[in-house]
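Participant: below: sequence and its predicted model.
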Amino acid sequence: MADQDVAIRVEHLSKRFRIPLDRSATLKHRLTHWRSASRYRILEALLDVSFDVRAGEFIGIIGHNGSGKSTLLKILSRIYRANEGVVAIAGKVSPFLELGVGFNPELTARENIFLSGSILGLNRPELHRLFDEIIGFADLEQFVDHKLKNFSSGMEVRLAFSLAIQAHAEILMMDEVLAVGDAAFQEKCFDTFNRYKREGRTVVLVTHGLAAVTTYCDRALLLDHGRLVADGETADVTAQYRRAIGLAADGTLTANEVERWGSRDVVFTGLRMLDERGAEDRNPPTGGFVRIELGYEIQNDAVSDFVCTLWLLRADGLMVSESQLPVSQYAQVGESQRGSGGTMHFDIPQIPLLDGAYSVEVELRGRRDGAAYDHIRHAIDFRVIDRRDRHGVIEPGGAWSVVPADQPVAWRPTALPGVGQDERPVRRRR
Amino acid sequence: MSSTTDARLAGAARVSAPPLDSFRHYRHLTLELAISQFKLRYTGSALGYLWSLLKPAMIFAIMYFIFVDLFNIKDGTADYGMQVLLGIVVWTFFAECTSSSMAAIASNGGLIRKAYFPRSILVIAASLSALFTFLINLTIVFVIAVALHQIDIGLRIVVVIPLLLELYLLALGISLFLSALFVQFHDVSHLWEVLMQLLFYASGVMFSLTYVLQRLHLALQVGTTAEKAPHLVWIVQVMAANPIMQTIEDLRHALLTPVAPWTELVVSGHLAAVHQYAPLNAAWEVPVPFLVVLLVVAGGALTFRSRARSFAENL
């Protein structure tokens, strides 16, 4: 590869973090313990990582939480320093990783544009020139002189995004920028990324969302515990990642074809299907009692409350039902702390499904930002057994009766389609 | 084990912005941050900016009451009140600049972990925003002094600019040092609070060095020797080496009715009696405060530099 094409070259990059074991960061401790060697745990965040990024390439970095992908991005943008190795960059690098860096809620939209814009590398004349465009793109003309704290989160994200896309870096580093925003926002992201591609800008995208990587990236890197384990075509790398997390998931979660993603701020720790006696049973009878037990654990203090959704799907992918933990129950799962967790139950008094193969899909999602914390497809694969050999999908619990002939009937069925003169085609239902 | 994180690609077609451009950009960013901090300082208070005037005025009232009405301490000059006011305005700047800049790194963790720019910008911006307040307050003191005819506008006024620069550099040097340490040791904020109490009295805010020297002189006339009054000698030594005292004294000299400037105090002949006993008998005492400023700035900058690379990880 000729050097002219290379935008980023990373050679034998290693990064270690020293995590103090006894966390007493006071002078007293330093003074009394200055001779004894401090006790640290060394965390190898990145180990001998090497790769090149060509100019104009759209590259995705994926990996589980703690795989080192954000650390790598921070080293590329000079926020962290590497312990070993060389990073060479040709071109102007965006100095920010996330949207809305430097926003202050006490300042107005106008003041924030000038403050945050300066951090993004824009100068005052440029910001004056671009001001109307930024405000227009964010659709915030009426709120220019309102304080940011009075903005909705959507408005804030729009402002942050329309400002960020004005940064004229040749190499952009983005950490989970797609985790927020609604469909319209995602659409704007899509347009902007396509514009970047046309302009030949180099983009390094770190994300949990495999969909985003598949959509935008020409190439993907897979990190695992600080090592670069895959580098290549996006489709190949994401497939390898899917396989890897399937295997990494704990015993109870490894059903066939497990697919799991999310930020892991809150995780499922175990999923079981139980019968009325509390014994594990993945072959419930039609009409039988089914309890789905969901263990969860909060791994990030910052998470305030979350939504739990459970889907029942037929083997062919048809969604049979969707159910969410009711709002009234949030109080019990909120107010939680890192490391704490609990159990949720989803009880079906009489499962109405008929004989067939089904699966349970579950998701924990942030209530505010809507970001997926833990999403597991095929969390539980199960088979409903129907001994009465009925056909169809569900048992509606209907009841038959025959009206005696001598009883007067007020209503009599008339003109059924396909019967009589009116020959309309019968609409077939699936 | 190399750590050349930002080495350029050899023969790369495009290179990063030239250093001059980034310097200009960082200067712009510093000002932008300083202006927003200045705006933010008084948001949420009904009187807003007025507080930056009211605070020194109130401290002045209290101090004046205690020192003049209660203890009857005056250093013999007619415009003692004006001198104290000037001293308090200068001191307020020093105190607010160092204590607000100390948290500049620790309170901007989000910014440091998410964006790259020289970290010192945050401290410089915080100190500049304190400087803005100071310059406005100083102007007001100046206007009051003119109105009360307590000012003697002459060529000496030119000295104000280097003096303010010296004071600012001192405050910045200390801020860099404190803010870098504060990231890991919050103890420094408590320690600094106590140290500032000491510095307040060692800076001649309420009384000039002349006053202390007079006291020393008196004590010596009564028959005490320097050996018998080591605390007085010590106080004089500390005050003479203290750049805050030197700037306050020289500002008073440059702006108000002439009091003996600091340099004259140290070397002038009419204090020869004191010099015989006190250790302030040589011209080499004159550059000491300036050397202190240089040392503080160098020490602060070096401490900051060596710690700055790990701020993002430690926050």
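Facilitator: Cool, got the structure.
Participant: shaky segments in the chain?
Facilitator: Just going to use chain A. Counting by pLDDT under 70, chain A has low-confidence residues at A:1-4, A:21-39, A:177-186, A:208-209, A:211, A:245-258, A:304, A:330-339, A:409-430.
Participant: wait, chain B was what I had in mind.
Facilitator: Scanning chain B for pLDDT under 70 picks out the ranges B:1-21, B:73-78, B:209-210, B:215-217, B:219-233, B:257-285.
Participant: mind listing the helices for it?
Facilitator: B:19-41, B:50-64, B:80-102, B:109-114, B:120-147, B:160-182, B:187-202, B:209-222, B:230-241, B:243-255, B:262-267, B:272-277, B:288-308, B:311-314 (DSSP state H).
Participant: packing partners of the last one?
Facilitator: Read that as helix B:311-314. Contact here means 3 or more C-beta pairs under 8 Å, 6 or more residues apart in numbering or on different chains; DSSP states H and E; on that basis helix B:311-314 packs against helix B:109-114. The way it works is simple: take the backbone N, C-alpha and C, and place the C-beta from them, glycine included.
Participant: for the helix it packs on, buried residues please.
Facilitator: Neighbour-count burial for helix B:109-114 flags B:111-114 (criterion: 16 or more other C-beta atoms under 10 Å in any protein chain shown).
Participant: how far does that helix sit from the chain's center?
Facilitator: Chain-centre distance of helix B:109-114: 28 Å, with C-alpha atoms, centre = their mean, to the nearest Å.
Participant: equivalent analysis for stretch A:71-85, please.
Facilitator: In terms of C-alpha atoms, centre = their mean, the centre of stretch A:71-85 is found 24 Å from the chain centre.
Participant: burial measure for A:L43, as a count.
Facilitator: 14 (other C-beta atoms under 10 Å in any protein chain shown).
Participant: what sits closest to it if chain neighbours are left out?
Facilitator: Using C-beta to C-beta, 6 or more residues apart in numbering or on different chains and skipping the chain neighbours, the partner closest in space to A:L43 is A:F17 (4.4 Å).
Participant: redo the helices of chain B as a markdown table? Include distance to A:G200.
Facilitator: Shown next, in a markdown table, are these (distance: least, C-beta to C-beta, whole Å):
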| stretch | distance to A:G200 |
| --- | --- |
| helix B:19-41 | 22 |
| helix B:50-64 | 50 |
| helix B:80-102 | 42 |
| helix B:109-114 | 26 |
| helix B:120-147 | 31 |
| helix B:160-182 | 41 |
| helix B:187-202 | 49 |
| helix B:209-222 | 67 |
| helix B:230-241 | 61 |
| helix B:243-255 | 55 |
| helix B:262-267 | 63 |
| helix B:272-277 | 75 |
| helix B:288-308 | 34 |
| helix B:311-314 | 30 |
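Participant: tabulate the buried residues of helix B:109-114 (JSON lines), appending distance to B:H190.
Facilitator: Formatted as JSON lines, the buried residues of helix B:109-114 follow (distance: C-beta to C-beta, whole Å):
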{"residue": "B:L111", "distance to B:H190": "25"}
{"residue": "B:I112", "distance to B:H190": "23"}
{"residue": "B:R113", "distance to B:H190": "26"}
{"residue": "B:K114", "distance to B:H190": "30"}
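Participant: closest to A:D175 out of the residues you listed?
Facilitator: B:K114 (8.1 Å; C-beta to C-beta).
Participant: ok, of the buried residues of helix B:109-114, which one's closest to chain A?
Facilitator: B:K114 (4.8 Å; C-beta to the nearest C-beta).
Participant: thought the closest one was touching A:L99?
Facilitator: No. Contact between B:K114 and A:L99 fails when scored by C-beta atoms under 8 Å: they sit 9.6 Å apart.
Participant: show me the contacts for residue 202.
Facilitator: Using chain A here. The contact partners of A:T202, by C-beta atoms under 8 Å, 6 or more residues apart in numbering or on different chains, come to A:7-8, A:53-59, A:91, A:170-172.
Participant: switch to chain B, please.
Facilitator: So B:A202 contacts B:235, B:238-239, B:242, B:244-245 (C-beta under 8 Å, 6+ apart).
Participant: follow-up on the earlier one: looking at the contacts of A:T202, which has the most residues close by?
Facilitator: Most neighbours among those, by other C-beta under 10 Å: A:A7, with 27 neighbours.
Participant: wait, is that residue part of a helix?
Facilitator: No. Checked against DSSP: H, G, I helix; E, B strand; the rest coil, A:A7 lies outside a helix; its state is strand.
Participant: and it, how far is that from chain B?
Facilitator: Distance of A:A7 to chain B, given as C-beta to the nearest C-beta, to the nearest Å: 8 Å.
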